[in-house]
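Trainee: the following block contains a protein sequence and its predicted model.
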Amino acid sequence: MVCVLLCDGTNFSTITPRASPRQQERLFLEILNTTLQLITSGDATLWGIVALSLRISLSATLIAALLAIPLGTGLAMGRFLGRRVIIMLSSSLMALPPVVVGLAIYLLLSRAGPFGEYGLLFTPTAMIIAQSVLIFPIILALTTEAVSPLEQTYRPLLHSVNASHWFRLKTLIIDARFAIFTALLAGFGRAIAEVGAVIIVGGNIAGLTRVMTTTIALETSKGNLELALALGLILISLAIIVNTIIHSLKSIGQKYQRTSR
């Protein structure tokens, strides 16, 4: 029975309690070998999913950044009633539940919703919108946190030369660029790893809205561990690269601040 099951397929769903440790080890090595072949052979399905994931997440990061960076810098510069409440709210929204965001976007884009006529539901555009909403508070809060101490240092000097609001904004963004880029990477890392919101608004349609995270969930449930594991390794590699760049930028930013003083 065990031999038939092991020869019938090459995934873990075929393993029974009767399979010996040697058979399980052999099967695991076969899956790992197939996984590495998928990655190194340039499999069209695999890399098409990776490319779509990167396109959606990078687009969402860019859109969120264009709004969050100026607003975050403005919050750091501003002195108005309710500023602390807005900052606290933006920090709280960093933990916004993805499924709630997905549901809200779904209702807005569905046929009965206010934007239903545009037919955006179950498209990459809907996924970009959902990811942008999710990472906007992250970039906003981290930008405000990065610019605030810099703004306090520069405030007397900028005030003495009667600098305009736009000049102050530009100066602070440029000088806090390392920390702001770290905020962008944090937002991108959050977007690329998202599952709940994108599967609700994207529908996980093969060749159209199927990204790395949703494919991993689907293929694992189907027992196709080779594709799921290959995408998982790529996703982990991206996470390591992003975190390495973040730590490098933090070190560069700290050295820049020490030398500028």
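Mentor: Noted; the coordinates are in hand. In this text the structure is predicted, and so the values were computed from the model without any measurement.
Trainee: measure the most centrally placed residue in the chain to P97 for me?
Mentor: Taking C-alpha atoms, centre = their mean, the centroid of the chain lies closest to A191, which sits 1.8 Å from it. Going from A191 to P97 by C-beta to C-beta, to the nearest Å gives 15 Å. Any C-beta I mention is one placed from the backbone N, CA and C, and that applies to glycine too.
Trainee: please identify the buried residues of the helix or strand hosting L227?
Mentor: Using DSSP states H and E, L227 sits in helix 225-260. Neighbour counts using 16 or more other C-beta atoms under 10 Å place 225-232, 234-235, 238, 242, 246, 249, 253, 257 of helix 225-260 among the buried residues.
Trainee: pick the one among those residues closest to T153.
Mentor: When those are ranked by distance to T153 (C-beta to C-beta), Q257 comes first, at 9.5 Å.
Trainee: can you check the pLDDT for that closest one?
Mentor: With respect to pLDDT, Q257 scores 61.
Trainee: likewise the one 3 residues further on?
Mentor: pLDDT, the model's per-residue confidence, is 59 for S260.
Trainee: what about L157, how many neighbours?
Mentor: 10 (other C-beta atoms under 10 Å).
Trainee: and this protein, what are its domains?
Mentor: As assigned by automatic domain parsing, the chain contains the domains 1-41, 44-260.
Trainee: tell me, which of those is the model least confident about?
Mentor: Among the domains of the chain, domain 1-41 scores lowest, at a mean of 64.
Trainee: that older thread, and the residue nearest to the centre of the chain, what element?
Mentor: helix 177-192.
Trainee: buried stuff in that helix?
Mentor: Buried residues in helix 177-192 (16+ other C-beta under 10 Å): 178-192.
Trainee: for stretch 55-73, same thing?
Mentor: 56-57, 59-61, 63-65, 68-73.
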